[in-house]
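Undergrad: fold the following.
(chains A, B, C and D)
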2 protein chains.
Amino acid sequence: MEKYTEMLKEKKISPSVQRLKILEYLDINRVHPTVEEIFAAIREEIPILSKMTVYNTLKLFAANGLVKSIPTSDNKGHYDYNTSPHTHFKCRQCKRVFDIDVDYDLHLKSGLEGLKVLEHNLIFEGICQDCRRDG
Amino acid sequence: MEKYTEMLKEKKISPSVQRLKILEYLDINRVHPTVEEIFAAIREEIPILSKMTVYNTLKLFAANGLVKSIPTSDNKGHYDYNTSPHTHFKCRQCKRVFDIDVDYDLHLKSGLEGLKVLEHNLIFEGICQDCRRDG
DNA sequence: ATAAAAAATGATAATAATTATAATACTGTG
DNA sequence: CACAGTATTATAATTATTATCATTTTTTAT
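TA: The predicted model follows:
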């Protein structure tokens, strides 16, 4: 837990119990949970927790680069502890969003002139291994 | 308008007035409009139009590959007439989503074993040229 | 250690996006 | 033209998110 406290202090964010829990949860559960999922899980331990706090905290974390908001086609907020460049795979059947360790070269050749690029996201969609077996 | 009728017939979708208008709107307005934007615009011409029809139609079109749903970080549905592989740039300031004609090589080297990939999306985020000038 | 100030949290309400439902209107075919 | 099937609409219900503000917690200065 020290680790998370440090991370927050570095960003001058006061390490409240709620914030630490949310950060820890995202670290342990690397499945790009939604606000609802995070809220439901942490509420088990902190029954007084408000969903508002989860929203606020995630927005604050994202603004400080501690977590990443990842857009998916279900149009709900998904959050990712892993902020380093990596790739996602969204299964159309079970709706899960995986990290995948795709090794790719992105050779930009042209087309970004004048734009200030802050990040890029590469998202694959399809059917995952489990769902192919089942269905 | 013939063009759109043909497109729908090919997919065995009956070419109702609403559907044709929505398809035409997306063709002319290549700015990845939201449901709300499409609805508001077409309602000027068809005041009786229901938002439900816009939702249904877009879902139907997307399922038939006539348009593409593109995920962005505002977590609203954006739709794109251009279904061929291309790249998007989302401006964090003005929130617009542009097509950009990035010329890139995506060399997948590994990491997709067992997954059935149906499509991929490459999205850049940052500040666009206009906003850099202004701000 | 403590009081004042600042910030975070939580309950509640409000707004926005989407989905569900069921009655009505439209379209195409015999 | 009537029938069957489909599309559209109005309405209500759900779900996701944001806003507000009183209460609690944390920080800071003494």
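
Undergrad: name the SS class of the nearest residue to A:L8 once chain neighbours are set aside, please.
TA: In space, and not counting its chain neighbours, A:L8 is closest to A:P15: 4.4 Å by C-beta to C-beta, 6 or more residues apart in numbering or on different chains. Glycine gets a C-beta too; all of them are placed from N, C-alpha and C. Using DSSP: H, G, I helix; E, B strand; the rest coil, the structure places A:P15 in coil.

Undergrad: grab the nearest non-local neighbour of the residue nearest the centre of chain A.
TA: In chain A, the C-alpha nearest the mean C-alpha coordinate belongs to A:D80, at 1.5 Å (C-alpha atoms, centre = their mean). Once flanking residues are discounted, A:D80 sits nearest to A:K68: 4.5 Å by C-beta to C-beta, 6+ apart.

Undergrad: ok so, going back, let me see the contact set for the residue nearest to A:L8.
TA: A:P15 makes contacts with A:Y4, A:T5, A:L8, A:K9, as judged by C-beta atoms under 8 Å, 6 or more residues apart in numbering or on different chains.

Undergrad: related to what we said a few turns ago, the residue nearest to A:D80 and B:Q18: what is the separation?
TA: 38 Å (C-beta to C-beta, to the nearest Å).

Undergrad: what about these two, which has more around it?
TA: Neighbour tally, A:K68 and B:Q18, criterion other C-beta atoms under 10 Å in any protein chain shown: the higher count belongs to A:K68, 21 against 17.

Undergrad: paired strands for the longest strand along chain A, with orientation please.
TA: Counting residues, the longest strand found in chain A (DSSP state E) is strand A:116-127. Looking at strand A:116-127 with DSSP bridges, its partner strands are strand A:87-91 (parallel), strand B:116-127 (antiparallel).

Undergrad: now the shortest one, how far from the centre of its chain.
TA: Computed by C-alpha atoms, centre = their mean, to the nearest Å, the separation of strand A:87-91 from the middle of its chain amounts to 12 Å.

Undergrad: what does that strand contact?
TA: For strand A:87-91, contacts defined as C-beta under 8 Å, 6+ apart pick out A:32, A:70, A:72-73, A:96-102, A:104, A:121-128, A:130-131, B:111-112, B:115, B:117.

Undergrad: check which element follows that strand along the chain.
TA: Per DSSP states H and E, the first helix or strand lying C-terminal to strand A:87-91 is strand A:97-100.

Undergrad: so what touches that following strand?
TA: Contacts for strand A:97-100 (C-beta under 8 Å, 6+ apart): A:30-32, A:70, A:72, A:78, A:80, A:82, A:86-91, A:124, A:128, B:111-112, B:115.

Undergrad: mind giving me the PyMOL select for those residues, buried ones only?
TA: Here is the PyMOL command that selects the buried residues among these (16 or more other C-beta atoms under 10 Å in any protein chain shown):
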select buried, (chain A and resi 32+70+72+78+80+87+88+89+90+91+124+128) or (chain B and resi 111+112+115)
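
Undergrad: wait, A:G126 sits on B:N121?
TA: No. Applying C-beta atoms under 8 Å as the test, A:G126 and B:N121 come out as separate, 11.8 Å apart.

Undergrad: show me the helices in chain A, by range?
TA: A:2-10, A:17-28, A:35-43, A:51-63, A:129-134 (DSSP state H).

Undergrad: make a markdown table from these and add mean pLDDT and distance to B:L26 to it.
TA: Compiled in a markdown table, these are given as follows (pLDDT from 0 to 100; distance: least, C-beta to C-beta, whole Å):
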| stretch | mean pLDDT | distance to B:L26 |
| --- | --- | --- |
| helix A:2-10 | 94 | 44 |
| helix A:17-28 | 97 | 37 |
| helix A:35-43 | 96 | 30 |
| helix A:51-63 | 97 | 31 |
| helix A:129-134 | 86 | 30 |
